[in-house]
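Q: Need the 3D shape of this:
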Amino acid sequence: MYIDTSVAVKLYTREPDSDECESLVADAGIVSSELLVGELASALFAKERAGQIATVQRERVWSLFEEHAADGTIWLVALNGHLVRAAVEVMAEVNPHVPLRTLDALHLATFLGIEAGPLFTRDRRMLDAARRLNLPLAAN
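A: The predicted structure is shown next:
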């Protein structure tokens, strides 16, 4: 199953729908873009600044994520120039109906380039683009 950052944040921190997300990925191999490294770090720092998590929690979550990336619990697909160009094609394909952001387009291009099972996202724009592209989706 391919997850984006909107789901990863729910898996690594407690949010209202974290339990539902955890049940949907249970027993699934998890794949994402290497982009997740920067995006998850940014989300964790934002939660810390907002007082939603303490520094020690952020550090603990980050260590767990790094462990999961290292041991294959989550497989991160490397970014490259081909994926960047594929992301531009994804943006063009959904334009003008979905104003897709670059990072979301990179996630979708990564997904399109691998066999990972369904796409799991909680990001509305990315869902709209995925539906337009007729991608298989996890329950959303």
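Q: Flag the shaky bits of this protein, pLDDT-wise.
A: For the chain, the stretches with pLDDT under 70 are 140.
Q: secondary structure element for the closest residue to residue 18 other than its chain neighbours?
A: The shortest distance from residue 18 to any non-neighbouring residue, by C-beta to C-beta, 6 or more residues apart in numbering, is to residue 10 (4.7 Å). Glycine gets a C-beta too; all of them are placed from N, C-alpha and C. Taking DSSP states H and E as the criterion, residue 10 maps to helix 5-12.
Q: CA atoms of that helix as PDB?
A: Backbone C-alpha positions of helix 5-12 (Å, rounded to 0.1, in the frame of the first residue of the first chain) are rendered in PDB as follows:
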ATOM      1  CA  THR A   5       2.400  12.200   4.300                       C
ATOM      2  CA  SER A   6      -1.200  12.900   5.400                       C
ATOM      3  CA  VAL A   7      -1.500   9.200   6.300                       C
ATOM      4  CA  ALA A   8       2.000   8.900   7.700                       C
ATOM      5  CA  VAL A   9       1.400  11.700  10.200                       C
ATOM      6  CA  LYS A  10      -1.700   9.900  11.500                       C
ATOM      7  CA  LEU A  11       0.300   6.600  11.800                       C
ATOM      8  CA  TYR A  12       3.200   8.200  13.700                       C
END
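Q: and it, what does it pack onto?
A: helix 18-25, helix 35-49, helix 55-71 (3 or more C-beta pairs under 8 Å, 6 or more residues apart in numbering; DSSP states H and E).
Q: after the last one, next one along is what?
A: Using DSSP H and E, the helix or strand that follows helix 55-71 in sequence is strand 74-77.
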